[in-house]
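[1] Here is my input, please return the structure:
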Amino acid sequence: MALLSRKTSWQAVLLRLSLKLSKIFRRDREPEVATMRRRLRLIEAVVPHPPRGTETLTMSVDGIAAVHTKVRDARTDCYILHFHGGGYAFGSAPLYRDFAWRISAATRACVLYFDYRLAPEHPFPAAVEDASRAYRWLADRIDPHRIAFLGDSAGGGLAFATAYKLRDEGFSLPCAIVALSPWTDLALTGESLRSNAKADPIMNVARLPSFANHYLGGANPRHPYASPLYGDVEGLPPILIQVGSDEILRDDSVRMATKLHDAGRDVEIEVWPRMPHAWQLYARILPEGRRAIERVGEFLQDKL
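    Next comes the predicted model:
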């Protein structure tokens, strides 16, 4: 485990403060899923568009809505399949358009974002089924050795779960997996859920049970396709995990990395000091976000 020792930027200090204040303001409020989705649609309008020269194409992937992003110098024979976060209940392509082109630039590969079905309307295992379909569609067109998985938050857990399912079905796996602050334990047993409850500037531990219940729909929270922490990691490709030191989900990453390491898998984990959950999505304002994406690019260019 690599605990990075870089000095926290002033941008990160201000972001943490603003997120913390927002968290305090929301503490006694737990809006319905529909309300949260409406609020996120308002945010979509202010997410910056990619720079000129970036190709963005809305498409269908075996009936699943998807967005293909390619910067000018990206290779057309290398792909990043992006598993979005949002607690399995939220997430949309416009929210990730700034992130997608940055990943394409860092990896010099095309990025394929897809909209898996969301909970609570479509509980487990709908997301895993959709993710498997999206990958199979892509792998029919691109050599799996030139495809990598990248997921943030719930999407990080989903990337692991999808790899389990594909392996169990005897299908070729991607060349690598990158998980950014992944949610790997829906049984919610990590010690950091308690030890980091006050330090985490954005995530509220009191809300996690409802997100887990929405997604599980009564399923076993330790099912490996729902909580990869409890799965068999045999045969998984090389993996990079990034997580913030103050996150309530820190131990979801640390324990997953330990499990992978103990099983002899090729895994690297980076614990970034004082970073908020999925800080890479703030790369347009955070130097740490840009550096983390650069690191992802280095890792994936080597594997691709």
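
[2] ok, the residue nearest the centre of the chain - contacts?
    When CA atoms, centre = their mean is applied to the chain, the residue found nearest the centroid is Asp152 (1.1 Å). By CB atoms under 8 Å, 6 or more residues apart in numbering, the residues touching Asp152 are 83-85, 179-182, 278, 280-281. In short, each C-beta sits where N, CA and C put it, glycine included.

[3] repeat that for 7 Å
    84-85, 180-181, 278, 280-281 (CB atoms under 7 Å, 6 or more residues apart in numbering).

[4] same question, Glu234
    Ala263.

[5] Would you check how far apart the residue lying closest to Ala187 once chain neighbours are set aside and Arg16 are?
    Using CB to CB, 6 or more residues apart in numbering and skipping residues adjacent in sequence, the residue nearest Ala187 is Pro221, 4.2 Å away. The gap separating Pro221 from Arg16 is 30 Å, by CB to CB, to the nearest Å.

[6] So for the two, which residue has more residues nearby?
    Arg16 (21 against 18; other CB atoms under 10 Å).

[7] helix or strand for the more buried one, which one?
    helix 10-26 (DSSP states H and E).

[8] Over to Leu81?
    Assignment of secondary structure by DSSP H and E places Leu81 within strand 75-83.

[9] Does anything pack onto that strand? Which helices or strands?
    helix 97-107, strand 109-114, helix 126-139, strand 147-152, helix 154-168 (3 or more CB pairs under 7 Å, 6 or more residues apart in numbering; DSSP states H and E).

[10] Leu249 is nearest to which of those?
    Between Leu249 and these, the shortest gap by CB to CB is with helix 154-168, which sits at 9.3 Å.

[11] how far is that closest one from where the chain is centred?
    Chain-centre distance of helix 154-168: 11 Å, with CA atoms, centre = their mean, to the nearest Å.

[12] Now do it: everything it contacts.
    By CB under 7 Å, 6+ apart, helix 154-168 touches 83-88, 127-128, 131-132, 135, 149, 151, 173, 177, 179-184, 224-226, 228, 231, 235-236.

[13] 6 Å - rerun?
    83-85, 87-88, 127-128, 131-132, 149, 151, 173, 177, 179-180, 182-184, 224-225, 228, 231, 235-236 (CB atoms under 6 Å, 6 or more residues apart in numbering).

[14] Could you check the angle that helix makes with strand 109-114?
    On the basis of axes from the mean of the first three to the mean of the last three CA atoms, to 10 degrees, helix 154-168 is oriented at 90 degrees to strand 109-114.

[15] Run the angle between helix 154-168 and strand 147-152 for me.
    Using the same axes, to 10 degrees: helix 154-168 against strand 147-152 is 140 degrees.

[16] tell me, how many neighbours does Phe124 end up with?
    Quick note: Phe124 (other CB under 10 Å) scores 23 neighbours.

[17] Which pLDDT value goes with it?
    You'll see Phe124 listed with a pLDDT of 98.

[18] Likewise for Leu19?
    In this prediction Leu19 is given a pLDDT of 80.

[19] returning to what we had before: inside strands: which ones of the contacts of Asp152?
    Mapping those onto strands (DSSP state E) picks out Leu180.

[20] Give me the buried entries from the contacts of Asp152.
    Buried members of the contacts of Asp152, counted by 16 or more other CB atoms under 10 Å: 84-85, 180-181, 278, 280-281.

[21] Roughly how far does Phe124 sit from His223?
    Phe124 is 8 Å from His223, by CB to CB.

[22] Arg136 too?
    Arg136 is 21 Å from His223, by CB to CB.

[23] Ok, Ala119 next?
    14 Å.

[24] what do you get for Ala109?
    31 Å.

[25] More neighbours: which of those two?
    Set side by side, Ala109 and His223 show more neighbours around Ala109, with 27 against 18, by other CB under 10 Å.

[26] picking up where we left off before, Provide a PyMOL selection command restricted to the buried entries of the contacts of helix 154-168.
    Remark: buried members of the contacts of helix 154-168, expressed as a PyMOL selection using 16+ other CB under 10 Å:
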select buried, resi 83+84+85+87+88+127+128+131+132+149+151+173+177+179+180+182+183+184+224+225+228+231+236
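
[27] Asp62: how many residues sit nearby?
    With other CB under 10 Å as criterion, Asp62 counts 14.
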